[in-house]
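A.B. asks: Attaching a predicted model along with its sequence, questions to come.
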Amino acid sequence: MHAVRKARREDVPQLADTLARAFHEDPVFQWLFPVEDRRQRHSRRYFHDRVRLLLRQDEVYTVDGGVGAAMWARPGDWRDPPLAALWSLAKLVPRIGRRSLNALGGLHEVEARHPAAPHWYLAVLGTDPARQGEGIGSALLRPVLDDCDRLELPAYLETATERNVDFYARHGFKVVDELTLPDGPHLWLMWREPVRL
């Protein structure tokens, strides 16, 4: 059993490090940051900002040691606030470089496919590569998936890693759409209906 708890502000640096390692081989991060020796640094900065932003919704979960994180957005709050979105964009574009138009077009397409119906949005789930396969990811999903079932609300996510499709399917998610980013990876968009208790 893994003791899951809500993340706190002091967890941000550790979670940024963990998630940068967890997503180092992720197809979207390879697409965004193709230079491998820079990817870790760029990813860490990205996740540092994402964790801080999503902590405002009080739905970021971790385990002791910060070896994994599940970052959720509450129903109706999956879009970043406008100023935060502009700030994130301003910081991301220089890291992407001349591929910015392509990347931003692809990210816009992902957002355009996001469902309109109220739902919990799993923005990020990651476990340190050295600790994968220990059930940490499943444990991190549990608090919000239990709330989804109790409150009878669906959940949604995107993944660019094919083996994750089966992992999420074991937790009740189903592929509802797919897309391929411009000159980039394939994504599976997944939806989970609440389980009636």
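C.D. replies: That came through fine.
A.B. asks: where do the strands sit along the protein?
C.D. replies: With DSSP state E, the ranges of strands along the chain come out as 4-6, 60-63, 68-73, 120-127, 155-159, 173-180, 186-192.
A.B. asks: How about the contacts made by the nearest residue to Gly172 once chain neighbours are set aside?
C.D. replies: Leaving out its chain neighbours, the residue that sits closest to Gly172 by Cβ to Cβ, 6 or more residues apart in numbering is Arg192, at 4.5 Å. No exception for glycine: its C-beta is placed from N, CA and C like everyone else's. Counting by Cβ atoms under 8 Å, 6 or more residues apart in numbering, Arg192 touches Leu145, Cys148, Pro154, Ala155, Tyr156, Tyr168, His171, Gly172, Phe173, Lys174.
A.B. asks: If any of those are buried, give me the ChimeraX selection for them.
C.D. replies: Remark: buried members of the contacts of Arg192, expressed as a ChimeraX selection using 16 or more other Cβ atoms under 10 Å:
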select :145,148,154,155,156,168,171,172,173
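A.B. asks: So which residues of this protein form helices?
C.D. replies: In the chain, the helices defined using DSSP state H lie at 12-22, 27-32, 36-55, 82-96, 100-112, 136-151, 162-169.
A.B. asks: Just give me how far the last one sits from the chain centre.
C.D. replies: In this case it means helix 162-169. 14 Å (Cα atoms, centre = their mean, to the nearest Å).
A.B. asks: Tell me which residue is most central in the protein.
C.D. replies: In the chain, the centroid-proximal residue (Cα atoms, centre = their mean) is Val124; its distance is 1.7 Å.
A.B. asks: if we can go back for a sec, the strands of the chain into CSV, with extra columns for mean pLDDT and distance to Val35?
C.D. replies: Below are these laid out as CSV (pLDDT from 0 to 100; distance: least, Cβ to Cβ, whole Å):
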stretch, mean pLDDT, distance to Val35
strand 4-6, 97, 35
strand 60-63, 97, 29
strand 68-73, 97, 25
strand 120-127, 97, 21
strand 155-159, 97, 23
strand 173-180, 96, 22
strand 186-192, 97, 22
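A.B. asks: Comparing those strands, which stretch has the densest surroundings?
C.D. replies: Among these, strand 68-73 has the highest mean neighbour count (mean count of other Cβ atoms under 10 Å), at a mean of 26.
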